[in-house]
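Engineer: Task: produce atomic coordinates for the following.
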Amino acid sequence: MDKDWEVEIYPDGRKTLIPPTFTPYSRVKGVWFGGRPTNSQSKHEFMLRADYRKTLTAWYREKLRHIVVDFVLCRFVTLTLDRDMSWYELLDCFTRFMAVLSRAFPNTEYLRAVEVQKGTQRFHIHIVLLFSGAVPKSFNLDWVNASWKCGMGHIRKKQVDEGAFQYLCKDKEESNSKHTLFPRGRQVIAISRNFGKIVMPTKSRMASHEAERLIGEQMELYKAGLGDYVRIDMSWFPDIQTGEMKKHRNRIYLRGTSDKKNEKEK
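Structural biologist: Presented below is the predicted three-dimensional model:
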């Protein structure tokens, strides 16, 4: 008989499904959220890709999943570079940009993630800005480009939603290299102190066949354009009997789909 799945249910209807055989990553200080390098990193200048992926997974699972924001007050901004820069030069540019933004739009909070641009291999920054009230009309692409002195900016036209959090916590390089271009022990993702409100889910149990049915329904709704993307965090494990490496679903993240479904039916 299959064991029940653990279910985390948030006030806004989001659900996290956890299979009964889920085994969390061993927590190693300094890998997930920045700080001192781990033993696996200590002999190399750059962060291991395996540690980078663990960092992204942990940021979404343990921090961003529990944060609720009013997305109407948010804007998704991308800042690119017009020249090669070191990690430290990049963060210096970002600090100066945020200082200008804070003076122009006080009490604005942010979530930022640094990534590597395909092709040029230059860094770029994604930012989710959370304004203290309605997004000011003066905040536009002209303002961003005038304030960002290190390249060009872009403001996403699509309304920000939780998909932005998932996007920032995904390794998009699809590289097989052992190391990334990020200095070891540095924070590739950072968040300001008062960004959003932390909410914790209630926990329940769900029969295995019900969990599989729910996942299937949500994925079909997403494919039909009636629902949101279903994020599945996977890991590899060795099959003791065959010696082969197999994938295991660690957690499945579901977002609400009823609103999109109702809009489509109208």
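Engineer: Wasn't Ala113 part of a helix?
Structural biologist: No: counting by DSSP: H, G, I helix; E, B strand; the rest coil, Ala113 falls outside a helix, being strand.
Engineer: check contacts around it.
Structural biologist: In this structure, Ala113 makes contact with Ile125, His126, Leu168, Cys169, Val188, Ile189, judged by Cβ atoms under 8 Å, 6 or more residues apart in numbering. In short, each C-beta sits where N, CA and C put it, glycine included.
Engineer: Phi and psi next, for Gly225.
Structural biologist: As for Gly225, its main-chain torsions (degrees, to the nearest 10) stand at phi 80, psi 20.
Engineer: same deal with Gln218?
Structural biologist: According to degrees, to the nearest 10, Gln218 has phi -70, psi -40.
Engineer: quick one: it and Ile232 touch, right?
Structural biologist: No: contact criterion Cβ atoms under 8 Å: Gln218 and Ile232 do not qualify, at 10.7 Å.
Engineer: Which one of the two is surrounded by more residues?
Structural biologist: Neighbour count, other Cβ atoms under 10 Å: between Gln218 and Ile232, Gln218 has more, with 23 against 15.
Engineer: Just want to check the distance between the residue nearest to the spatial centre of the chain and Leu181.
Structural biologist: In the chain, the C-alpha nearest the mean C-alpha coordinate belongs to Cys169, at 2.7 Å (Cα atoms, centre = their mean). Relative to Leu181, Cys169 is positioned 18 Å away (criterion: Cβ to Cβ, to the nearest Å).
Engineer: residue boundaries of the helices in the stretch 151-266 of the chain?
Structural biologist: Applying DSSP state H, counting those that start in this stretch to the stretch 151-266 of the chain gives helices spanning 163-168, 208-223, 258-265.
Engineer: Bridge partners for the closest residue to Ile215 other than its chain neighbours, pull those for me.
Structural biologist: Once flanking residues are discounted, Ile215 sits nearest to Ile252: 5.7 Å by Cβ to Cβ, 6 or more residues apart in numbering. Beta-bridge partners recorded for Ile252 (DSSP bridges): Leu17, Ile232.
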